[in-house]
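Q: compute the structure for the input listed below.
(one chain, ligands or ions: 4)
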Amino acid sequence: MKPIAIAFLLGLLVLKSEARVFSKCELASALKRGGMAGYHGITLANWMCLVHHESGYNTTAVNDNGPSRDYGIFQINSYLWCNDGQTLGSKNECGINCSSLLNIDIGDDIACAKTVVRKPQGINAWASWRTDCKGRNLSSFVSGCTV
Ligand SMILES: *[C@@H]1O[C@H](CO)[C@@H](O)[C@H](O)[C@H]1NC(C)=O
Ligand SMILES: *[C@@H]1O[C@H](CO)[C@@H](O)[C@H](O)[C@H]1NC(C)=O
Ligand SMILES: *[C@@H]1O[C@H](CO)[C@@H](O)[C@H](O)[C@H]1NC(C)=O
Ligand SMILES: [Ca+2]
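A: Ligands and ions are numbered 1, 2, ... in the order given. Coordinates of the predicted model:
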């Protein structure tokens with residue numbers, strides 16, 4: 001291969017490995033395309049605030065909770081919602097491998113977040129939404145974005 005072709009391929013690899021943290025407006029558009037604006041009565045700004053506080057829009061975010069772990073932009077938990085092969089008695093209610101919550105394709109993350117929010121707890125399932133978003137002026141989470 002010519003050096004220029006190799007440089008191009010390396011460039012693609014770097015882009016691919018770094019394109020894991022959404023910008024605010026990129027994520028707002030992606031959530032809107034995924035049908036999240038108004039889903040279960042929850043505004044796009046509320047979803048954006050939730051994701052900002054859970055993961056900073058970072059698709060590769062993983063946090064250890066002791067017996068289980070939280071994965072991806074929505075910090076979906078391996079005990080209730082996904083299977084990571086190392087959580088005793090996982091319910092895996094979304095029927096997915098937790099590792100699929102860490103890639104740049106957030107379609108399955110959105111589908112699982114919709115499953116979570118349809119349960120009786122609703123959006124209160126996310127502690128950070130209760131403490132950091134509930135009842136606040138969230139207009140800054142979508143301001144400047146064409147959504
Ligand atoms: C995204 O999360 C990963 C895994 O926790 C971390 O290594 C990386 O530094 C984070 N990126 C940003 C921009 O915060
Ligand atoms: C989830 O996917 C990863 C990566 O493809 C794989 O290594 C792992 O075995 C899978 N885990 C389960 C529980 O299916
Ligand atoms: C929310 O905050 C924005 C500026 O950050 C302001 O323009 C707007 O009037 C506020 N809305 C309410 C209902 O207070
Ligand atoms: Ca995914």
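Q: okay but Asn63 is in contact with Ile76, surely?
A: No: between Asn63 and Ile76 no contact is recorded; they are 10.9 Å apart, counting by C-beta atoms under 8 Å. For glycine as for every other residue, the C-beta is placed from the backbone atoms N, C-alpha and C.
Q: roughly how far apart are the closest residue to Lys119 other than its chain neighbours and Leu80?
A: Counting by C-beta to C-beta, 6 or more residues apart in numbering, Lys119 lies nearest to Ala125, which is 6.9 Å off, once chain neighbours are set aside. Look at Ala125 and Leu80: by C-beta to C-beta, to the nearest Å, they are 9 Å apart.
Q: least confident secondary structure element in this structure?
A: One helix or strand of the chain scores below all others by mean pLDDT, DSSP states H and E: helix 3-18, with a mean of 50.
Q: after that one, next one along is what?
A: helix 24-33 (DSSP states H and E).
Q: now do the helix or strand following that next one against helix 24-33, angle only.
A: Taking DSSP H and E as the definition, the helix or strand that follows helix 24-33 towards the C-terminus is helix 44-55. Between the axes of helix 44-55 and helix 24-33, defined by axes from the mean of the first three to the mean of the last three C-alpha atoms, to 10 degrees, the angle is 120 degrees.
Q: and the contacts of helix 44-55?
A: 24, 27-28, 31-32, 36-39, 57, 61, 70, 72-75, 113, 123, 126, 128-129, 132-133, 136, 138-139, 141-142, 147 (C-beta atoms under 8 Å, 6 or more residues apart in numbering).
Q: who does Val62 bridge with?
A: Following DSSP bridges, Val62 is listed with bridge partners Tyr71.
Q: low-confidence stretches in the protein?
A: 1-19 (pLDDT under 70).
Q: so which residues on it come close to ligand 1?
A: In this structure, the chain approaches ligand 1 at residues Val21, Gly56, Asn58, Thr60, Ala61, Val62, judged by C-beta under 6 Å from any ligand atom.
Q: of the residues you listed - the most surrounded one?
A: Among these, Ala61 has the most neighbours (other C-beta atoms under 10 Å), with 20 neighbours.
Q: spit out the contact partners of it.
A: Glu54, Ser55, Asp70, Tyr71, Gly72, Ile73, Gln75, Leu102.
Q: name the nearest of those relative to ligand 1.
A: Of all those, Ser55 has the smallest distance to ligand 1: 7.7 Å, by C-beta to the nearest ligand atom.
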